[in-house]
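How does the following fold in three dimensions:
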Amino acid sequence: MNQLHEHIVRSIDEEQRRLVGELLRMGEMAAAQLEAALDVVERRDDKAAERIVANDEAIDVLEHDTSHDVMRLALRGPMARDLRELLAALRIASDIERIGDYAANVAKRSMALNLAPPLPQVRGLVALGAVAGRQLHDVLIAYRDNDADAAERIRARDAELDMQYTSLFRELLTYMMEDARSITACTHLLFMAKNIERIGDHVTNIAENVWFRARGDEALPRRERRDGTAQAG
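Numbering: from 1, shown residues only. Reported below is the predicted structural model:
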């Protein structure tokens with residue numbers, strides 16, 4: 001009986017390691033999508049943007065496969081620690097899938113942006129995306145290492161992204177008021193910036209689930225928010 005129990009525990013541990021690997025691969029795909037989307041915005045490359053939009057389906061498939069694996073593991077009667085692992089995995093997979101969607105949205109809208117003359121604010125959008133991309137890479141490492149302290153630091157860094165997003169939002173509004181011909185292009189950039197800001201929110205969700213996976217219901221410190229766009233204008 002002990003040997004059977006050990007075999008079951010070892011099998012579940014192997015399945016959980018595979019699940020972590022799947023989520024890391026999914027996260028790396030979403031990060032690559034974001035980087036590629038920012039690149040096509042800068043290069044104004046419609047063909048590459050179309051490929052990024054099409055590639056989003058691969059992340060969707062992985063999210064579905066991950067959910068299936070989680071349910072299969074859950075039916076094997078895991079302990080409380082294992083249940084935290086599985087619940088966190090489900091939530092993280094969903095957040096990564098949404099990150100992939102937002103990256104695809106940036107690429108899709110870049111094709112409409114390319115119909116207008118280039119805007120200097122594109123540099124600000126790419127810089128905003130680079131911050132979100134770094135945070136995504138860092139939170140995947142925190143998940144891989146089950147590092148709750150790193151996850152807390154990444155969560156706190158969302159305020160930096162909020163501040164940068166608010167600054168770009170106000171810059172675009174000012175530019176639109178000064179030159180009515182820029183309104184359509186600036187509106188596209190506003191939507192793209194909001195997509196990137198939402199990516200930051202999903203990174204924060206992942207960080208909170210890394211904390212939950214490692215620490216359970218232990219309360220996280222209060223988080224500062226600095227998205228001032230509701231007061232802009």
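
ranges for the helices of this structure?
Along the chain, the stretches classed as helices by DSSP state H are 2-43, 46-74, 80-113, 122-145, 148-156, 158-178, 183-215.

Which of those helices sits closest to Arg222?
Proximity to Arg222, assessed across the helices of the chain by C-beta to C-beta, is greatest for helix 148-156 (9.9 Å). Just so you know, the C-beta spots here come from the backbone N, C-alpha and C atoms, and that holds for glycine as well.

Can you give me the buried ones in stretch 16-24?
Buried residues in stretch 16-24, counted by 16 or more other C-beta atoms under 10 Å: Gln16, Leu19, Val20, Glu22, Leu23, Leu24.

Distance from the chain centre to it, please.
Distance, stretch centre to chain centre, for stretch 16-24: 17 Å (C-alpha atoms, centre = their mean, to the nearest Å).

tell me the mean pLDDT over it?
Taken as a whole, stretch 16-24 has a mean pLDDT of 89.

Send over it as CSV, restricted to the C-alpha atoms.
C-alpha atoms of stretch 16-24 as CSV (Å, rounded to 0.1, in the frame of the first residue of the first chain):
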residue,chain,number,x,y,z
GLN,A,16,2.3,19.3,-11.5
ARG,A,17,5.8,19.9,-12.8
ARG,A,18,4.5,19.4,-16.4
LEU,A,19,1.7,21.8,-15.6
VAL,A,20,4.2,24.5,-14.5
GLY,A,21,6.1,23.9,-17.7
GLU,A,22,3.0,24.3,-19.8
LEU,A,23,2.1,27.6,-18.1
LEU,A,24,5.7,28.9,-18.5
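
And the contacts of that stretch?
By C-beta atoms under 8 Å, 6 or more residues apart in numbering, the list of residues contacting stretch 16-24 from outside reads 62, 65-66, 69-70, 73, 82, 85-86, 89, 92-93, 96, 140, 143-144.

And for stretch 138-150?
Taking C-beta under 8 Å, 6+ apart as the rule, stretch 138-150 contacts 20, 23-24, 27-28, 31, 92, 151, 154, 203, 206-207, 210-211, 213-215.

Kindly provide the distance from the nearest residue to Arg213 once chain neighbours are set aside to Val20.
Closest residue in space to Arg213, ignoring its immediate chain neighbours: Ala88 at 4.0 Å, by C-beta to C-beta, 6 or more residues apart in numbering. Remark: distance between Ala88 and Val20 (C-beta to C-beta, to the nearest Å) = 10 Å.

Report pLDDT for Met192.
pLDDT at Met192 comes out at 97.

Please identify which of the helices of the chain is closest to Pro221.
Closest among these, once you apply C-beta to C-beta, is helix 148-156, at 6.8 Å.

For Ala112, which non-adjacent residue is closest in space?
His188 (5.5 Å).

so who does that neighbour touch?
Applying C-beta under 8 Å, 6+ apart, the residues near His188 are Arg109, Ala112, Leu113, Ala116.

Hmm, the first one is touching Leu190, no?
No: taking contact to mean C-beta atoms under 8 Å, the distance of 10.0 Å between Arg109 and Leu190 leaves them out of contact.

Touching stretch 205-222 from outside, list them.
Stretch 205-222 is contacted from outside by 84-85, 87-88, 91-92, 95-96, 139-140, 142-143, 146-148, 150-152, 154-156, using C-beta under 8 Å, 6+ apart.
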